[in-house]
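K.L.:
everything below, folded, please.
(2 chains)
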Number of protein chains: 2
Amino acid sequence: MSARLTFWFEFASTYSYPAAMRIRDLAAAAGVILQYRPFLLGPIFSAQGWTTSPFNIYESKGRYMWRDMARLCEGYGLSFRKPEVFPQNGLLAARVALVGLAEGWGEDFVEAVYRAEFAEGRLINDPAVIQSILRSLQRDPKNVFDRAQSDAIKTQLRMQTEEAQKRGIFGAPSFTTQDGELFWGNDRLDAALAWATTRAAL
Amino acid sequence: MSARLTFWFEFASTYSYPAAMRIRDLAAAAGVILQYRPFLLGPIFSAQGWTTSPFNIYESKGRYMWRDMARLCEGYGLSFRKPEVFPQNGLLAARVALVGLAEGWGEDFVEAVYRAEFAEGRLINDPAVIQSILRSLQRDPKNVFDRAQSDAIKTQLRMQTEEAQKRGIFGAPSFTTQDGELFWGNDRLDAALAWATTRAAL
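P.N.:
Numbers count the residues shown, from 1 in each chain, chains lettered A, B, ... in the order given. This next block holds a predicted model:
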């Protein structure tokens, strides 16, 4: 049986950026097959009484997070630039990602969106930004947007968000293994892959 | 110039337990001199509007934390048992730790308190538990308690808590370097030591 790991991410999430940029190489090296699961943190945060990111609610925690992100990305050799808008609405990007994941270009799209948001200072809720990413991936923006706004994709994103909540996910990135183990945060990516290849695959 | 790192911990904090059990060996291997700084999270959490640990306020986050702690401690080879009471009041232990740190037995005391709380199912706000730890370290509990309740020690703990807050500390464990860099969490212990020996020591 092949080892598998599900990668839960939200485009608004800062720490999902380094996770998304690292996970493909690390999973390939570990022989782990990935399942990408975009979801929305908004409904999960709302259920906890938050109307924005906890990094905006708790000032010292937010200040620390930006510094930590800069240090982490430097260590990983990833470009990083603090976005002027945070958090950004990732709804459109998440719907487009679902189209791409079904069509085989989703992983590249996910990386490009995170790079636009956290390295290039672009606004990912701007349809023009998503369209330019799609063109860079040789996709027709109009076709993709039509599919992304379909009821099927909208429902899929809603269901994935509900499934995340049911699995006890409360932040992003998160990783779940075939035996139901949950790992939270970019810091747990290695532990999640190790679990997927050992205990979960038994 | 020797590399130095300040270790900020709170006895109620779960993740401070593995950090406290690992930091002496790791610092010695890295040639880093440690300064132990017990502080209280209560006033810091109160300022954020919390009346208990966020792990109690946010249920899924709390459930995850206990599972994560069990996995982490297993990985480190540390005994772990979820305490029946959480969070525990660490005021007495923190004051006693300050006495011990001034007298040279503080580091051993800190480890013994965390072990009592997170491996042995004991209540660290019970004076009898602290007294038995002191006896195991060949200290006279009465003498130590008298010093721990002195105005000097009470003031010192209050000032350290204020200093933590001024430095932007919002959780435990935290680590600060000589050049003012802040690292939060057991997960950042290695990065903090690396920073202390490279950039901060330049």
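K.L.:
please, which helix or strand holds A:Thr176?
P.N.:
Assigned by DSSP states H and E, A:Thr176 belongs to strand A:174-177.
K.L.:
just the strands from chain A, written as ranges.
P.N.:
Under the criterion DSSP state E, chain A contains strands at A:3-9, A:32-38, A:174-177, A:182-184.
K.L.:
still on that earlier bit, the strand holding A:Thr176 pairs with which strands, and in what direction?
P.N.:
In the sheet, strand A:174-177 lines up against strand A:3-9 (antiparallel), strand A:182-184 (antiparallel) (DSSP bridges).
K.L.:
quick check, pLDDT for the spatially closest residue to A:Pro43 that is not a sequence neighbour.
P.N.:
In space, A:Pro43 comes closest to A:Thr161 once its chain neighbours are excluded; the distance is 5.8 Å by Cβ to Cβ, 6 or more residues apart in numbering or on different chains. Backbone N, C-alpha and C define where each C-beta goes, glycine included. Model confidence at A:Thr161, given as pLDDT, is 96.
K.L.:
now do A:Ile57
P.N.:
Looking at A:Ile57, its pLDDT is 80.
K.L.:
so who does A:Trp195 touch?
P.N.:
A:Trp195 makes contact with A:177, A:181, A:183 under the criterion Cβ atoms under 8 Å, 6 or more residues apart in numbering or on different chains.
K.L.:
in JSON lines: the residues you listed, plus pLDDT and neighbour count.
P.N.:
Output for the contacts of A:Trp195, formatted as JSON lines (pLDDT from 0 to 100; neighbours: other Cβ atoms under 10 Å in any protein chain shown):
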{"residue": "A:Thr177", "pLDDT": "97", "neighbour count": "22"}
{"residue": "A:Glu181", "pLDDT": "97", "neighbour count": "17"}
{"residue": "A:Phe183", "pLDDT": "98", "neighbour count": "25"}
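K.L.:
relative to A:Asp126, which of these is nearest.
P.N.:
Set against A:Asp126, the nearest of those by Cβ to Cβ is A:Phe183 (32.2 Å).
K.L.:
what's the local residue count around A:Lys154?
P.N.:
The number of residues packed near A:Lys154 is 14, by other Cβ atoms under 10 Å in any protein chain shown.
K.L.:
show me what the longest helix anywhere in chain A is packed up against.
P.N.:
If you go by DSSP state H, chain A has its longest helix at helix A:59-76. In this structure, helix A:59-76 packs against helix A:16-30, helix A:54-57, strand B:182-184, with contacts taken as 3 or more Cβ pairs under 8 Å, 6 or more residues apart in numbering or on different chains; DSSP states H and E.
K.L.:
okay, buried residues for that helix please.
P.N.:
Residues of helix A:59-76 classed as buried by neighbour count (16 or more other Cβ atoms under 10 Å in any protein chain shown): A:60-62, A:64-65, A:67-69, A:71-73.
K.L.:
could those go into JSON lines alongside pLDDT?
P.N.:
As requested, these are arranged in JSON lines below (pLDDT from 0 to 100):
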{"residue": "A:Ser60", "pLDDT": "91"}
{"residue": "A:Lys61", "pLDDT": "92"}
{"residue": "A:Gly62", "pLDDT": "94"}
{"residue": "A:Tyr64", "pLDDT": "97"}
{"residue": "A:Met65", "pLDDT": "97"}
{"residue": "A:Arg67", "pLDDT": "97"}
{"residue": "A:Asp68", "pLDDT": "98"}
{"residue": "A:Met69", "pLDDT": "98"}
{"residue": "A:Arg71", "pLDDT": "97"}
{"residue": "A:Leu72", "pLDDT": "98"}
{"residue": "A:Cys73", "pLDDT": "98"}
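K.L.:
of all these, which comes closest to A:Leu189?
P.N.:
Closest to A:Leu189 out of these is A:Leu72 (11.8 Å), distances taken as Cβ to Cβ.
K.L.:
ok, the closest one touching A:Asp187?
P.N.:
No: with contact taken as Cβ atoms under 8 Å, A:Leu72 and A:Asp187 are classed as non-touching, separated by 9.0 Å.
K.L.:
can you list the low-confidence ranges for chain A?
P.N.:
Within chain A, the ranges that satisfy pLDDT under 70 run A:1, A:200-202.
K.L.:
and if we set it to 80?
P.N.:
When residues are selected by pLDDT under 80, those of chain A lie in A:1, A:48, A:50, A:200-202.
K.L.:
up against chain B, what does it have?
P.N.:
A:48, A:58, A:60-61, A:63-64, A:67-68, A:71, A:75, A:168-171, A:182-184, A:187-188, A:191 (Cβ under 8 Å from any Cβ of the partner chain).
K.L.:
repeat the analysis, applying 10 Å as the threshold.
P.N.:
Applying the criterion Cβ under 10 Å from any Cβ of the partner chain, the portion of chain A that neighbours chain B consists of A:44, A:47-50, A:54, A:57-65, A:67-68, A:71-72, A:75, A:165, A:167-171, A:174, A:181-188, A:191, A:194-195.
K.L.:
pull the longest helix of chain A out as CSV, backbone CA atoms only.
P.N.:
These are the backbone C-alpha positions of helix A:59-76, laid out as CSV (Å, rounded to 0.1, in the frame of the first residue of the first chain):
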residue,chain,number,x,y,z
GLU,A,59,-1.0,42.1,18.2
SER,A,60,2.1,40.6,19.7
LYS,A,61,1.4,37.2,18.2
GLY,A,62,0.9,38.9,14.8
ARG,A,63,4.1,40.9,15.0
TYR,A,64,6.0,37.7,15.9
MET,A,65,4.4,35.7,13.1
TRP,A,66,5.7,38.2,10.4
ARG,A,67,9.2,38.1,11.9
ASP,A,68,9.0,34.3,12.1
MET,A,69,7.8,34.0,8.5
ALA,A,70,10.7,36.2,7.3
ARG,A,71,13.2,34.1,9.2
LEU,A,72,11.7,30.8,8.1
CYS,A,73,11.5,31.7,4.4
GLU,A,74,15.1,32.9,4.5
GLY,A,75,16.1,29.6,5.9
TYR,A,76,14.2,27.7,3.2
